[in-house]
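[1] Sequence first, predicted coordinates after that:
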Amino acid sequence: MAWSDNLVPVYAVANRLGVSVAFLNLARKSGYRPPCIRNGDGVMYHWPSVEQWAENRELVEPVKLQRALQLVDRARVLLEEQNQRIERLRASQRSIGGSRRSIADAERMQAAFRSTLANLERHVRRISAR
């Protein structure tokens with residue numbers, strides 16, 4: 001079997017890898033792509049090379065998941081610290097008439113932490129589902 005017998009078009013690679021053609025097109029432009037060959041106006045992929053690229057790519061996913069989980073843990077710690085800060089500000093406001101503005105600022109930051117944490121958790125679920 002010749003090397004050219006293993007060439008497959010972009011839609012077949014997308015189907016076999018379970019990704020979209022758009023993903024492969026973007027990946028090709030960014031350099032994060034399986035090896036490909038320009039064929040006139042189109043692109044062809046050498047399937048054994050694509051399989052090897054996909055295996056190497058899977059090694060990256062656990063690292064991404066581990067990093068995302070670390071970020072989730074850190075965001076939870078920051079959110080808890082912010083909750084404690086708000087409680088301290090509220091207590092000082094009650095005892096000595098502290099600034100309401102500082103509490104409002106802290107609550108805005110708390111909302112930002114919550115939003116970031118929710119985004120990170122969604123990201124972790126996406127990575128874990130792969």
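    Everything's here; your move.
[2] Show the contacting residues for the nearest residue to V72 once chain neighbours are set aside.
    In space, and not counting its chain neighbours, V72 is closest to L120: 4.7 Å by C-beta to C-beta, 6 or more residues apart in numbering. In this view, the C-beta of every residue, glycine as well, is placed from N, C-alpha and C. Residues in contact with L120 (C-beta atoms under 8 Å, 6 or more residues apart in numbering) are A68, L71, V72, A75.
[3] Moving C-terminal from the helix or strand where the second one lies, which element do we reach first?
    Looking back up the chat, that one is L71. L71 belongs to helix 47-96 when assigned by DSSP states H and E. Downstream of helix 47-96, the first helix or strand assigned by DSSP H and E is helix 100-129.
[4] which parts of that following helix are buried?
    Neighbour-count burial for helix 100-129 flags I103, A106, Q110, F113, T116, L117, L120, E121, H123, V124, I127 (criterion: 16 or more other C-beta atoms under 10 Å).
[5] Just give me how far that helix sits from the chain centre.
    Relative to its parent chain, helix 100-129 has a centroid offset of 16 Å by C-alpha atoms, centre = their mean, to the nearest Å.
[6] Mean confidence (pLDDT) on it, please.
    For helix 100-129, the mean per-residue pLDDT is 77.
[7] what angle do it and helix 47-96 make?
    160 degrees (axes from the mean of the first three to the mean of the last three C-alpha atoms, to 10 degrees).
[8] Excluding residues flanking it in the chain, which one is nearest I103?
    With C-beta to C-beta, 6+ apart, the residue lying closest to I103 is L89, at 4.8 Å.
[9] quick one: that neighbour from T116, how far?
    To T116, L89 is 21 Å away according to C-beta to C-beta, to the nearest Å.
[10] OK, contacts around Q82?
    A106, M109, Q110, F113.
[11] The nearest residue to N6 once chain neighbours are set aside - how many residues pack around it?
    Nearest residue to N6, sequence neighbours excluded (C-beta to C-beta, 6+ apart): W47, at 4.7 Å. By the criterion of other C-beta atoms under 10 Å, W47 has 16 neighbours.
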